[in-house]
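A.B. asks: could you work out the structure for the sequence below:
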Amino acid sequence: MTQPWDYIAKIVSLGDSGCGKSSLTIRLCEGRFSPHHDVTIGVEFGSRIVSVGPPASLALNIQNPSHPTQQPSSPSSKPQPQKHMKLSLWDTAGQETYKSITRSYFRGASGALLVFDITRKNTFLSATSWLHDLRQIAEENIIVVLVGNKSDLSQQNENQRQVTKQEAEEWCKQNGVMGYVETSAKSGEGVERAFLEVAERIYQNIEAGRYDLNDRRSGVKGPGAGGGRGAVNLGNGPAGKGKKGQSGWGGCC
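C.D. replies: Numbers count the residues shown, from 1 in each chain. Take a look at the predicted model:
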């Protein structure tokens, strides 16, 4: 049976506890929101197959850095086969108690979502420390997107917002982070966009030959790496919740 993906990429979520990292992963993988979620201990796993590259990527309006002058295909051009990427999602604990454990999961990641709560300024201020830890351990040039979660709360009451978009975007420029996306795990707004921003940049790097697909440290696997059709879930068992201290690519892949 032909596998439904062309590449696998390891992506980690990091940030302070209570920012909604697990809720974002559940929303992406299962399309639902749980108002009550147990505190993550160590790391949990999820996975989702997404379309990358044209024609699907045209809607994202993310310029391909390896082809800066590339124009959309003309009607007479031969359509390109759609590529698919399986995102191996590693949702790490944000509590200080588990920080020494979760840092180890940054190794071999090709992308990261650095999450904060837009209604809690202190979680935004912590982002600098989290980014430093990530860059100390992860591979060089890891793709990072800053995610401001719980946008639904600011929409209900603007007074709840403690971090503006301008502040977050300026932080990204100062810290060399690719971009900023606001999300609501509750409504689903922006969630897919946040993950696709990372996935699309990873795909562009693949196309530009910036990864060794045979080296697991790159955080990307190519065709023939194994894995099959793996289920998408965050429940107990090898395809779902990971155990504290587990290493490698995890059962979800």
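
A.B. asks: contacts and neighbour counts: CA atoms only from here.
C.D. replies: Noted.

A.B. asks: in terms of helices and strands, where is G148?
C.D. replies: Element membership for G148, per DSSP states H and E: strand 143-149.

A.B. asks: next SSE after that strand?
C.D. replies: By DSSP H and E, the next helix or strand past strand 143-149 is helix 151-156.

A.B. asks: and that next one, C-alpha only, in CSV?
C.D. replies: As requested, C-alpha coordinates have been extracted for helix 151-156 and formatted as CSV (Å, rounded to 0.1, in the frame of the first residue of the first chain):
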residue,chain,number,x,y,z
SER,A,151,-7.4,35.2,20.6
ASP,A,152,-11.0,34.4,21.3
LEU,A,153,-10.7,35.9,24.8
SER,A,154,-9.5,39.2,23.4
GLN,A,155,-12.3,39.3,20.8
GLN,A,156,-14.8,38.9,23.6
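
A.B. asks: what is the subsequent helix or strand relative to that helix?
C.D. replies: Using DSSP H and E, the helix or strand that directly follows helix 151-156 along the chain is helix 165-175.

A.B. asks: tell me the buried residues in that following helix?
C.D. replies: The neighbour-count check on helix 165-175 (16 or more other CA atoms under 10 Å) flags A168, E169, W171, C172 as buried.

A.B. asks: and for stretch 127-143?
C.D. replies: Applying a neighbour-count criterion of 16+ other CA under 10 Å, one finds A127, W130, L131, L134, A138, E139, I142, I143 buried in stretch 127-143.

A.B. asks: elements contacting the helix or strand containing F124?
C.D. replies: When secondary structure is defined by DSSP H and E, F124 falls within helix 121-125. Secondary-structure packing of helix 121-125 (3 or more CA pairs under 8 Å, 6 or more residues apart in numbering; DSSP states H and E): strand 111-117.

A.B. asks: what's the angle from the strand it packs on to strand 143-149?
C.D. replies: Here strand 111-117 runs at an angle of 20 degrees relative to strand 143-149 (axes from the mean of the first three to the mean of the last three CA atoms, to 10 degrees).
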